[in-house]
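K.L.:
how does the following fold in three dimensions:
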Amino acid sequence: MTISRRDLLAAGAGLAGTTLTFPAWAGSNTPGRSNSAKALFIDPATLEPFVDALPIPPVAQPVTPAQPNGESAHYRIEMRAAPVKVHRDLPATRMWTYDGHHPGPTFETRSGQPLSVEWINNLPTQHFLPVDYTLCGMSPGAQAVRSVVHVHGGRTPADSDGFPEDWYPPGESRIGHYPNGQDATGLWYHDHAMGVSRLNHYAGLMGMFFIRDDVEDALELPRGDYEIPLLLADRNFNAEGQLYYPDSGIPDHPWIAEVSGNAVMLNGKLFPFTEVEPRRYRLRLVNGSNQRFLRLALAGQRHFFQIGSDQGLFGAPVELETLLLAPAERADLIIDFSQWRGQTFTLTNDGRAILQFRVGRTPAADNPPLPSRLRPVQPIAQSQAVRTRDLTLDEYMKPSGDSMLMLLGGKRWYSQVTEDPVLGTVEIWHLINLTEDTHPIHLHLVRFQILDRRPMDIFSYQNFDKLRYLGDARPPLPQERGWKDTVQAHPGTVTRIIVPFDGYPGRYVWHCHIWEHAANEMMRPYILKPSPADRSDAT
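P.N.:
Coordinates of the predicted model:
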């Protein structure tokens with residue numbers, strides 16, 4: 001079996017106790033420039049684990065609540081630099097935050113209950129991570145500190161979706177309108193600015209966004225103190241406890257294709273603990289890493305249930321022992337701690353402990369059962385599709401074997417738009433992965449279902465433009481059979497998704513959610529055209 005270089009990087013998440021070798025150029029990050037001097041890095045194995053309690057992000061509070069006349073709630077969220085204490089024994093880490101928190105405040109709303117947010121850019125005027133002015137959307141002397149917010153998974157009008165070119169500099173703000181016309185689910189929000197989103201994201205700009213509805217309420221799932229939001233993200237820290245983002249060592253082109261950290265933060269903490277009662281809890285997970293795939297399990301081969309993914313609840317719970325989450329994927333989990341009263345054990349990432357659970361001894365006053373049925377997920381008939389698109393995932397290499405460019409459908413960002421579905425129609429997309437990596441492909445605005453994956457002959461396709469399959473189609477895993485907005489497209493594989501293009505007409509994005517790939521240029525705009533009926537009504 002061939003293991004790619006990114007398989008090695010993605011294979012471990014905690015990496016505690018692992019010796020990392022960096023080239024001589026690895027050093028401190030100077031604003032807008034590549035690293036120049038050798039630095040010392042914190043080995044996470046040297047930090048005492050489980051001395052900090054797991055923090056829970058604050059709930060966002062509106063400056064204007066929803067009004068009886070139907071006027072929506074309005075929020076103001078400020079992007080600013082702030083110190084974040086990631087571990088008891090480290091100095092505070094400089095991060096970029098929403099309202100001074102990492103993760104940012106959690107939005108709580110209900111399906112069909114709109115809200116608006118003024119996103120205020122009060123970030124510093126210089127970036128503290130290595131800006132690459134040769135990337136798409138950048139140029140020498142361009143404004144490097146820029147931001148625009150995307151609510152990932154939200155059914156959002158195009159002018160509020162966070163289109164990468166709609167960024168704005170420090171000192172300005174934009175108002176986003178979020179109708180929230182979708183089923184209960186766990187979304188998240190993050191930066192999406194052209195050319196620097198990989199840096200802004202690494203710097204800390206992310207938070208969670210929950211939509212509730214009556215169907216979810218009726219299931220009596222754990223809530224309040226028994227529902228734990230968990231935003232996981234790997235990072236590197238230098239000897240001063242500050243974020244370190246590696247680069248190529250080429251002063252004019254610091255971009256590299258893979259950025260993985262040697263430690264995993266959970267809600268902004270390294271190796272936290274949390275005290276739980278012996279009863280069922282609901283954990284709402286987001287993989288907020290730039291590139292790291294997380295392989296999560298409970299120590300001791302303990303089982304848990306997944307009840308939902310990116311776009312809401314499953315039809316029924318799925319029992320698991322391990323969970324693989326790609327960047328941007330979410331998982332809705334139920335863990336029944338009542339069977340482990342008085343015990344202490346950990347959540348692990350590739351076998352390395354990253355979070356400690358301390359289970360109380362006193363029996364819980366109540367412990368509602370996990371429903372055997374959740375929310376029906378009706379498979380979309382392939383006969384509904386009005387169009388099928390073949391879309392390649394491409395990587396172009398230098399003679400040295402280093403990545404030079406990544407594309408979708410062989411097209412650059414500024415090439416003519418080729419994906420132009422019509423509002424209200426269904427399409428099937430064939431994601432033909434010609435690279436050696438698994439790419440988490442995300443479509444803005446819409447939700448979709450995974451049909452299957454089928455191995456194919458890359459050489460035949462690249463040299464003879466012939467799609468030759470090497471095996472039978474494989475259905476999605478049980479935990480992938482709900483509604484998704486991000487799919488793992490495996491190497492040498494055709495991944496088929498079926499997409500109802502509902503929502504709002506306008507300009508959106510689809511891209512790889514490995515941020516370094518999206519930056520160069522594994523990201524494409526798509527246009528959702530109004531339906532003929534809508535066009536005739538407009539005239």
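
K.L.:
now the most centrally placed residue in the chain. Nearest residue, chain neighbours left out?
P.N.:
Central residue of the chain (CA atoms, centre = their mean): residue 328, 1.7 Å from the mean position. For residue 328, ignoring the flanking residues on the chain, the nearest one in space by CB to CB, 6 or more residues apart in numbering is residue 513 at 3.9 Å. In this view, the C-beta of every residue, glycine as well, is placed from N, C-alpha and C.

K.L.:
was I right to think that neighbour contacts residue 326?
P.N.:
Yes. Counting by CB atoms under 8 Å, residue 513 touches residue 326, with 7.2 Å between them.

K.L.:
what's the overlap in contacts for these two?
P.N.:
Residues within reach of residue 513 and of residue 326 at once, by CB atoms under 8 Å, 6 or more residues apart in numbering, are 440, 486.

K.L.:
where along the stretch 201-350 of the chain do the strands fall?
P.N.:
206-212, 227-237, 243-244, 263-266, 269-270, 272-276, 280-287, 294-298, 304-309, 312-320, 322-325, 330-336, 344-349 (DSSP state E, counting those that start in this stretch).

K.L.:
comparing those strands, which comes out most buried?
P.N.:
With neighbours taken as mean count of other CB atoms under 10 Å, those reach their highest mean count in strand 263-266, at a mean of 26.

K.L.:
now do that strand, average pLDDT.
P.N.:
Mean pLDDT, computed over strand 263-266, is 97.

K.L.:
ok, stretch 458-476 next?
P.N.:
What stretch 458-476 shows for mean pLDDT is 96.

K.L.:
so what's the gap between that stretch and the chain middle?
P.N.:
Centroid separation for stretch 458-476 versus its chain: 28 Å, with CA atoms, centre = their mean, to the nearest Å.

K.L.:
residue 448 contacts residue 484, doesn't it?
P.N.:
Yes. Contact criterion CB under 8 Å: residue 448 and residue 484 qualify, at 5.8 Å.

K.L.:
so what sits against both of those two?
P.N.:
The contact sets of residue 448 and residue 484 overlap at residue 497 (CB under 8 Å, 6+ apart).

K.L.:
re earlier: does the residue nearest to the centre of the chain touch residue 152 like I think?
P.N.:
Yes. Residue 328 sits in contact with residue 152 when judged by CB under 8 Å, with a separation of 6.4 Å.

K.L.:
name the residues contacting each of these two.
P.N.:
Contacts common to residue 328 and residue 152, judged by CB under 8 Å, 6+ apart, are residue 442.

K.L.:
closest to residue 368 out of the strands of the stretch 201-350 of the chain?
P.N.:
Among the strands of the stretch 201-350 of the chain, the nearest to residue 368 by CB to CB is strand 280-287 (7.1 Å).

K.L.:
CA atoms only for that closest one, dumped as CSV, please.
P.N.:
In CSV, the C-alpha atoms belonging to strand 280-287 read as follows (Å, rounded to 0.1, in the frame of the first residue of the first chain):
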residue,chain,number,x,y,z
ARG,A,280,-26.0,10.8,28.8
TYR,A,281,-24.3,13.8,27.3
ARG,A,282,-24.5,15.3,23.8
LEU,A,283,-21.1,16.4,22.3
ARG,A,284,-21.2,18.8,19.3
LEU,A,285,-17.9,18.4,17.4
VAL,A,286,-16.3,20.6,14.8
ASN,A,287,-12.9,19.9,13.2
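
K.L.:
tell me where the model's unsure across the stretch 1-150 of the chain.
P.N.:
1-39 (pLDDT under 70).

K.L.:
how much space separates residue 470 from residue 117?
P.N.:
Distance, residue 470 to residue 117, by CB to CB, to the nearest Å: 47 Å.

K.L.:
those two: which has the busier surroundings?
P.N.:
Taking neighbours as other CB atoms under 10 Å, residue 470 and residue 117 compare with residue 117 leading, 25 against 12.

K.L.:
and the more buried one, what are its bridge partners?
P.N.:
Residue 117 has these beta-bridge partners by DSSP bridges: residue 75, residue 176.
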